[in-house]
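Participant: Using only what follows, build the 3D model:
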Amino acid sequence: MKWIGLALAALLLVGVYVFYGVLPQRFDRNNNVVIPHEPYEISERARALHETIPVADLHSDMLLWRRDPLKRNMRGHTDLPRLRDGGVALQVFTAVTKTPPDLNYDENEADKDALTLLMIAQAWPVRTWNSIYERAAYQASRLDKLEKRADGGFVYAKTKNDLQGAIDHGALAGVYGIEGAHPLEGDIENLDKLYDAGLRVMGLQHFFDNELGGSLHGTSGAGLTAFGKQAVDRAVEKGMIIDVAHSSEAVVREVLARTDKPVIVSHTGLKGHCDTPRNISDETMKMIADHGGLVGVGFWDAAVCDPTPAGIAGAILYAVELLGVDHVALGSDFDGTVTTPIDGSEMAAITQALIDAGADDETIRAVMGENAVRFFLEHLPG
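Facilitator: Numbers count the residues shown, from 1 in each chain. Below is the predicted model of the structure:
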């Protein structure tokens with residue numbers, strides 16, 4: 001009987017090790033994939049141009065994963081060393097807090113959550129297991145701790161001055177956003193608390209309808225709810241930037257009608273260029289640009305249809321032609337359970353592809369970073 005007990009204990013220990021020590025890393029590696037490729041050839045012209053650009057990206061989900069951002073990791077798309085290798089000066093880090101099972105771009109219910117098990121396996125604090133708000137607050141705290149550990153190499157940018165100071169001193173600036181405002185849990189006071197924790201980019205929806213309104217991938221197609229209107233008004237009043245990536249077109253249009261402040265679409269494609277359910281209509285995109293907004297072009301298949309540097313460059317130049325050069329930026333969706341042709345260290349491959357596609361240096365500078373830096377310097381709180 002003693003041997004049976006020891007065997008069961010050993011099996012339990014092995015199970016615990018696999019659950020906490022193996023499965024999270026394997027899930028990360030299998031879902032945040034870089035397409036295998038030979039090193040991209042970067043010309044001297046592209047390299048020299050890229051080194052002068054404050055590269056900016058509007059969307060990374062790095063905070064979801066159990067990696068040390070200060071170390072170069074062998075899985076996923078981003079960490080601080082790889083972003084710095086890519087010349088990134090500004091990165092928006094967005095908190096994912098809930099995803100439905102069987103995720104798809106067509107129709108998702110909001111009643112189930114597939115993230116709880118991942119968070120338990122990654123040893124997140126117990127308070128996050130059953131609270132979407134706490135998941136958002138915890139990811140904000142990760143950026144706060146990262147700034148303290150980074151010895152000046154990373155700035156958790158909450159104001160214009162934070163961003164400008166980071167750029168002036170060659171540090172990487174991180175802005176905090178949420179992918180869907182369900183962490184508010186229907187309570188406007190949670191918006192104030194997350195703002196105090198550093199939240200500056202508020203996505204309204206993710207893959208499902210929530211308390212604020214309809215998702216592009218939900219079941220209703222609805223516009224803003226009464227709480228959604230209240231939350232948008234409060235966010236704008238506090239100086240937050242509204243992100244309508246994943247929002248229904250009804251929500252997008254109601255937000256544009258509700259505020260004179262520009263919004264962003266942090267990670268997307270253009271439907272006229274890549275006709276998938278992930279992308280909203282060119283007509284609505286033009287409304288966003290005419291409102292002064294900024295559109296981040298993604299790096300994965302459902303956004304650009306051709307997930308190669310050349311395909312991404314083609315989507316960017318389509319957006320420039322449609323929206324005007326001042327309204328286009330990068331929105332990689334790195335670490336968002338997508339497959340991309342590059343990781344954060346290889347941003348120069350996009351610069352090279354834009355050169356190869358015939359873009360001039362001014363256009364390349366604008367879309368690779370200058371537009372986003374200018375936008376955040378204008379619209380972050382003072």
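Participant: Thought T99 was touching H182, still the case?
Facilitator: No - judged on C-beta atoms under 8 Å, H182 makes no contact with T99 at a distance of 10.7 Å. For every residue, glycine as well, the C-beta is placed using N, CA and C.
Participant: overlap in contacts of those two?
Facilitator: H206 (C-beta atoms under 8 Å, 6 or more residues apart in numbering).
Participant: Which of the two has more residues huddled nearby?
Facilitator: Applying other C-beta atoms under 10 Å to H182 and T99 shows that H182 carries more neighbours, namely 25 against 20.
Participant: since we're on the nearest residue to that one once chain neighbours are set aside, how many residues are nearby?
Facilitator: Nearest residue to H182, sequence neighbours excluded (C-beta to C-beta, 6 or more residues apart in numbering): N210, at 4.3 Å. Applying other C-beta under 10 Å, we find 25 residues neighbouring N210.
Participant: quick one, what contacts G239?
Facilitator: 200, 379-382.
Participant: Show me where the stretch 201-350 of the chain dips below the pLDDT cut-off.
Facilitator: Across the stretch 201-350 of the chain, nothing is flagged by pLDDT under 70.
Participant: in it, which spans are strands?
Facilitator: For the stretch 201-350 of the chain, the strands defined by DSSP state E, counting those that start in this stretch cover 241-243, 264-268, 294-297, 328-330, 339-340.
Participant: What strands line up against the shortest one, and which way round?
Facilitator: Here strand 339-340 is paired, per DSSP bridges, with strand 33-34 (parallel).
Participant: ok, residues contacting the partner strand?
Facilitator: 77, 338-343.
Participant: got it, and stretch 62-78?
Facilitator: Contacts for stretch 62-78 (C-beta under 8 Å, 6+ apart): 24-25, 28-29, 32, 34, 60, 79-82, 91, 93-96, 118, 122-123, 139, 142-143, 146, 149-150, 332, 334-335, 340, 343-344.
Participant: Pull out the buried residues from those residues.
Facilitator: 24-25, 28, 32, 34, 60, 79-82, 91, 93-96, 118, 122, 139, 142-143, 146, 150, 332, 334-335, 340, 343-344 (16 or more other C-beta atoms under 10 Å).
Participant: Grab the nearest non-local neighbour of W124.
Facilitator: Spatial nearest neighbour of W124, excluding adjacent residues (C-beta to C-beta, 6+ apart): Y138 at 6.3 Å.
Participant: before we move on, which element is that neighbour in?
Facilitator: Assessed by DSSP states H and E, Y138 sits inside helix 132-149.
Participant: What residues sit buried inside that helix?
Facilitator: For helix 132-149, by 16+ other C-beta under 10 Å, it's 132-140, 142-143, 146-147.
Participant: about what we covered before: report the contact partners of the residue nearest to H182.
Facilitator: 110, 180-182.
Participant: Which one (most neighbours) among those residues?
Facilitator: The most neighbours of any of the contacts of N210, using other C-beta under 10 Å, belong to A181, which has 31 neighbours.
Participant: I'd guessed that residue sits against L204; true?
Facilitator: Yes - with contact defined as C-beta under 8 Å, A181 counts as touching L204 (5.4 Å).
Participant: which residues do these two both contact?
Facilitator: Listed contacts common to A181 and L204 are 212, 231; contacts here mean C-beta under 8 Å, 6+ apart.
Participant: Stretch 194-214: which residues count as buried?
Facilitator: Applying 16+ other C-beta under 10 Å to stretch 194-214 flags 194-195, 197-214 as buried.
Participant: cool, and stretch 62-73?
Facilitator: So for stretch 62-73, counting by 16+ other C-beta under 10 Å, buried means 62-65, 67, 69, 73.
Participant: out of those, which are inside helices?
Facilitator: If you go by DSSP state H, the buried residues of stretch 62-73 have nothing in helices.
Participant: Contact partners for G382?
Facilitator: Per C-beta under 8 Å, 6+ apart, neighbours of G382: 159-161, 239.
Participant: go with 7 Å
Facilitator: Neighbouring residues of G382 by C-beta atoms under 7 Å, 6 or more residues apart in numbering: 159-160.
Participant: Spit out the contact partners of I120.
Facilitator: Neighbours of I120 in contact, by C-beta under 7 Å, 6+ apart: W129.
Participant: so what's it scoring on pLDDT?
Facilitator: I120 is assigned 94 on the pLDDT scale.
Participant: Three-state assignment for it, please.
Facilitator: helix (DSSP: H, G, I helix; E, B strand; the rest coil).
Participant: State the distance from it to G76.
Facilitator: 20 Å (C-beta to C-beta, to the nearest Å).
Participant: try L322
Facilitator: Distance, L322 to G76, using C-beta to C-beta: 32 Å.
Participant: What count of nearby residues applies to G152?
Facilitator: G152: 10 neighbours (other C-beta under 10 Å).
Participant: secondary structure class for R200?
Facilitator: strand.
Participant: Against L199, how distant is the residue nearest to it when sequence neighbours are not counted?
Facilitator: Closest residue to R200 apart from its sequence neighbours, by C-beta to C-beta, 6+ apart: V175 at 5.4 Å. Note on V175: its distance to L199, by C-beta to C-beta, is 9 Å.
Participant: residue boundaries of the helices in the stretch 251-382 of the chain?
Facilitator: Along the stretch 251-382 of the chain, the segments classed as helices by DSSP state H, counting those that start in this stretch run 282-290, 301-304, 309-323, 348-356, 361-365, 371-379.
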